[in-house]
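Q: With the input below, show me the fold.
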Amino acid sequence: MPTVLVTGSNRGLGLEFVRQYLADGWRVLACARQASTELDTLLSSDRASTFHRLEVTDHDQIDALAAELSGTPIDLLLLSAGTMGGVDFATKGLTVGGFGGSDFEDWERVIRVNTLGPMKMAEAFVDHVQRSEQRKIVALSSMVASMQNNTAGGLYAYRASKAALNAVMRSLSVDLADRKIIALPMHPGWAQTDMGGSQAPVSPRDSVSGMRRVIAGLRREDSGRFLCYDGTEMPW
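A: Numbering: from 1, shown residues only. Coordinates of the predicted model:
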């Protein structure tokens, strides 16, 4: 039975990953600041799968969980937790987070969650991943991280945090190559979540099923690429 650890598992795409991996027979280690009723219901169907309270900005808590799970092979470290900070993209779109209105405390929160959190998770759980058969680390990035595609401006903190995450994942693909670990960022599409809003064109189910197909087919030479949920290449 393969094992996946999912951060941000109590809602949105993280919750959908839990749902689909459980249905496919995986052991799921679901991590979030707090469980949701839906997450509890899903996990109750599988005695091997467990919930772990985790705040990805709390590095001591990450280390404690890594120690608790010491010796547990993790085939897929799925870094799904993320935030857009205090901006309301779901209803206001690209008009938020614009030039001249920066809340730099909010910037720091966004960077801590979206960039530093995945980096700390990778460092804390790299041995768990190396012990597994599949050896994969995947972080959810965004199309707005793309320098080439940025023709609209705005969203400064979120864009910067996800572009930095892409750089982290690219470096991991190099530094972990000798451990035979595949590491890469993925764009989940503009999905219908609390963050993406109801007007988004991609359902969570389609986004996650697409990403799962891509993840399942990853080869070592794919490490360090920036891929979309449909398997196409994203421009850096």
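
Q: In three-state terms, label the residue nearest to Val144 when sequence neighbours are not counted for me.
A: With sequence-adjacent residues excluded and distances taken as CB to CB, 6 or more residues apart in numbering, Val144 is closest to Arg159, at 5.0 Å. Quick note: C-beta positions are derived from backbone N, CA and C, even for glycine. At Arg159 the chain is in helix, as set by DSSP: H, G, I helix; E, B strand; the rest coil.

Q: So Arg159 sits against Ser141, correct?
A: No: the pair Arg159 / Ser141 is not scored as a contact, 10.7 Å apart, by CB atoms under 8 Å.

Q: Please list all residues in contact with the residue nearest to Val144.
A: Arg159 is in contact with Val144, Ala145, Asn150, counting by CB atoms under 8 Å, 6 or more residues apart in numbering.

Q: of the residues you listed, closest to Glu133?
A: Proximity of the contacts of Arg159 to Glu133 (CB to CB) peaks at Ala145, which lies at 29.9 Å.

Q: centroid residue for the chain?
A: Ser80 (2.3 Å; CA atoms, centre = their mean).

Q: so who does that residue touch?
A: Val6, Thr7, Gly8, Ser9, Gly12, Leu13, Gly14, Phe17, Leu140.

Q: Next, it: phi, psi?
A: Ser80 has phi and psi values of phi -100, psi -20 when expressed as degrees, to the nearest 10.

Q: And for Leu76?
A: For Leu76, the backbone dihedrals (degrees, to the nearest 10) come out as phi -140, psi 120.

Q: Where does the prediction get shaky in this protein?
A: Applying pLDDT under 70 to the chain flags residues 87-97, 193-198, 201.

Q: how about the strands in the protein?
A: Applying DSSP state E to the chain gives strands spanning 3-6, 27-32, 50-53, 76-79, 136-140, 182-187, 227-228.

Q: Put together TSV for the ones you listed, with mean neighbour count and distance to Met234 on each row.
A: Putting these into TSV (neighbours: other CB atoms under 10 Å; distance: least, CB to CB, whole Å) gives the following:
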stretch	mean neighbour count	distance to Met234
strand 3-6	26	22
strand 27-32	25	26
strand 50-53	16	30
strand 76-79	28	17
strand 136-140	25	12
strand 182-187	26	5
strand 227-228	19	5
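
Q: Let's have those strands in CSV, adding distance to Val126.
A: Converted to CSV, the strands of the chain look like this (distance: least, CB to CB, whole Å):
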stretch, distance to Val126
strand 3-6, 12
strand 27-32, 15
strand 50-53, 18
strand 76-79, 8
strand 136-140, 8
strand 182-187, 10
strand 227-228, 21
